[in-house]
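> Have a look at this fold, sequence not included:
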């Protein structure tokens, strides 16, 4: 006789996808509400936004000792810029056109590596910190206390961080790109001995202004998505301190996937069907 209590029913196959769709719906509703409170956050919680800008850029605690998010992101982009310089020079040297190392750096760092690596830096610093902070407030019932005091917790905790993250990303990404450019030139010119004039010529020739603006737009889109994801997992954390740790881990995994996906789709939409330059000879 078959025990029907442990036998999967005909609807059990749909439970997994149903739960996924339900979770996606809750996230979409949360993101829509957070964005909808932008006007309220800017008008009522300006001091909180200013405080968060200082916290996100310079960091707090141990992170502030090394210079905050700015130094962490600059270090990541410096490393990637150096790798691009090494790989670009050596691969172009194999076909006898190592003089185009400046073009390779201007092309790859603006269109591909810059927004992606900056997004990873935001995930590791600002994003993870936001999840931990909001999650700790959730399990200690501080969010409920805000609601009791007639303070809307969603705009105060989430939308303010969304605005602050958007503002911080602009100078942060500008500094990161400059550091990446410097690292590539340092490797190609001073390590491999290529002429600085030749490097600068091809670099400035193929550094397109519209690509810079597109790169900034992509970085801002990535920062917004990263902040939304991390704030959601922190806001919905449960299960005590262990639950906050689980929420941080899930937020990091989800945001890393989102960074790569947005960078891929954004690059395809911005550069997939354009012909900004052509080689001939």
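Thanks, I have it. All values reported here derive from a predicted model rather than from experimental measurement.
> who does the one helix or strand residue 269 maps to touch, helix- and strand-wise?
Using DSSP states H and E, residue 269 maps to helix 240-271. Counting contacts by 3 or more CB pairs under 8 Å, 6 or more residues apart in numbering; DSSP states H and E, helix 240-271 is packed against helix 114-122, helix 128-139, helix 209-235. Bear in mind the C-beta positions are built from the backbone N, C-alpha and C, glycine included.
> Could you figure out how far the first one is turned away from helix 240-271?
So that's helix 114-122. Here the directions of helix 114-122 and helix 240-271 differ by 170 degrees (axes from the mean of the first three to the mean of the last three CA atoms, to 10 degrees).
> Mean neighbour count, distance to residue 31 and mean pLDDT added to the helices and strands packed on helix 240-271, as a markdown table?
Shown next, in a markdown table, are the helices and strands packed on helix 240-271 (neighbours: other CB atoms under 10 Å; distance: least, CB to CB, whole Å; pLDDT from 0 to 100):
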| stretch | mean neighbour count | distance to residue 31 | mean pLDDT |
| --- | --- | --- | --- |
| helix 114-122 | 26 | 17 | 87 |
| helix 128-139 | 22 | 14 | 90 |
| helix 209-235 | 21 | 5 | 91 |
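> okay if I get those helices as JSON lines plus distance to residue 91?
Output for the helices and strands packed on helix 240-271, formatted as JSON lines (distance: least, CB to CB, whole Å):
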{"stretch": "helix 114-122", "distance to residue 91": "19"}
{"stretch": "helix 128-139", "distance to residue 91": "35"}
{"stretch": "helix 209-235", "distance to residue 91": "21"}
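> Show me the one of these that comes nearest residue 203.
Nearest to residue 203, of all the helices and strands packed on helix 240-271, is helix 209-235, at 12.7 Å by CB to CB.
> Run the angle between that closest one and helix 240-271 for me.
Here the directions of helix 209-235 and helix 240-271 differ by 160 degrees (the same axes, to 10 degrees).
> Helix 128-139 and helix 209-235, what's the angle between them?
20 degrees.
> So for residue 261, what's the pLDDT?
We have a pLDDT of 92 for residue 261.
> Residue 27 and residue 250, how far apart?
12 Å (CB to CB, to the nearest Å).
> so where's the protein uncertain?
1-16, 58-68, 273-281 (pLDDT under 70).
> list the contacts for residue 104?
The neighbours of residue 104, taking CB atoms under 8 Å, 6 or more residues apart in numbering as the test, are 84, 88, 92.
> and the first one, how many neighbours?
Yep, that's residue 84 we're talking about. Neighbourhood size, residue 84 [other CB atoms under 10 Å]: 24.
> May I ask which helix or strand encompasses it?
Using DSSP H and E, residue 84 maps to helix 68-94.
> got the contacts of residue 104 as JSON lines, with distance to residue 238 columns?
Formatted as JSON lines, the contacts of residue 104 follow (distance: CB to CB, whole Å):
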{"residue": "84", "distance to residue 238": "43"}
{"residue": "88", "distance to residue 238": "48"}
{"residue": "92", "distance to residue 238": "53"}
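> quick one: residue 28 from residue 229, how far?
When distance is defined by CB to CB, residue 28 is 12 Å away from residue 229.
> Can you give me the buried ones in stretch 236-243?
Neighbour counts over stretch 236-243 (16 or more other CB atoms under 10 Å) mark 236-237 as buried.
> middle-most residue in the protein, spatially?
The residue lying closest to the centre of the chain (CA atoms, centre = their mean) is residue 119, at 2.4 Å.
> Show the contacting residues for it.
Per CB under 8 Å, 6+ apart, neighbours of residue 119: 219, 222-223, 226, 259, 262-263.
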